[in-house]
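In: heads up, no residue letters with this:
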């Protein structure tokens, strides 16, 4: 069901430069505005620096070094990025720090078995009763038009109706306004 990585599938691992790490932090802060600077610094501390693993063809895995008492240090996945897409949190981090307010959507109960099987989120799963997305039109763009709550290409954490923990992370294939308008097709691609 989930892709597993072994030492053969990761081609390189390098320490991330401080300037690149600051860029990653700013991208995360922009994509998830509800996370404050203090929590972001706890997730991505300056010391020890992040380690970037290249997994497969187009996946970057950002890990932080975790010191363990009586054992050698290990790398814990914190964020990942596919191609030039948004930087998404690892599901393990979302579960470990539930108080962090990542940008989230909620799907209705009917979508749960399909998502656990690896299917993308369809628009009706977000618009039916039980599904939730950020409201549209709360902000205006530079031309005075309403901005959608979530833009196309934005990274989101997906929760299920009536469940406490997140079940997936994904990328918006349509804006939230388009999803509400069309209510047909793939709304979020799972990562």
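Out: In hand now; what should we look at? Since we're looking at a predicted model, the values are computed, not measured.
In: got a list of what residue 32 touches?
Out: 100-103 (CB atoms under 8 Å, 6 or more residues apart in numbering). From N, CA and C alone the C-beta is placed, and that goes for glycine too.
In: ranking these by neighbours, who comes first?
Out: residue 102 (21 neighbours; other CB atoms under 10 Å).
In: quick check: chain neighbours aside, which residue is closest to it?
Out: residue 157 (4.4 Å; CB to CB, 6 or more residues apart in numbering).
In: just checking, what packs against the one helix or strand that neighbour maps to?
Out: Under the criterion DSSP states H and E, the helix or strand holding residue 157 is strand 155-160. If contacts are counted by 3 or more CB pairs under 8 Å, 6 or more residues apart in numbering; DSSP states H and E, strand 155-160 sits against strand 87-89, strand 104-107, helix 112-116, strand 166-172, strand 186-190.
In: got the angle between the lengthiest helix in the chain and strand 155-160?
Out: For the chain, the longest helix by residue count, based on DSSP state H, is helix 18-31. If you take axes from the mean of the first three to the mean of the last three CA atoms, to 10 degrees, helix 18-31 sits at 50 degrees to strand 155-160.
In: quick one: mean pLDDT over stretch 184-191.
Out: Stretch 184-191 carries an average pLDDT of 89.
In: pull out the buried positions in it.
Out: For stretch 184-191, a neighbour-count test (16 or more other CB atoms under 10 Å) marks 187-188, 191 as buried.
In: so what touches it?
Out: 80, 82, 85, 88, 105, 115, 118-126, 156, 158, 168-174, 179.
In: how far is it from where the chain is centred?
Out: 14 Å (CA atoms, centre = their mean, to the nearest Å).
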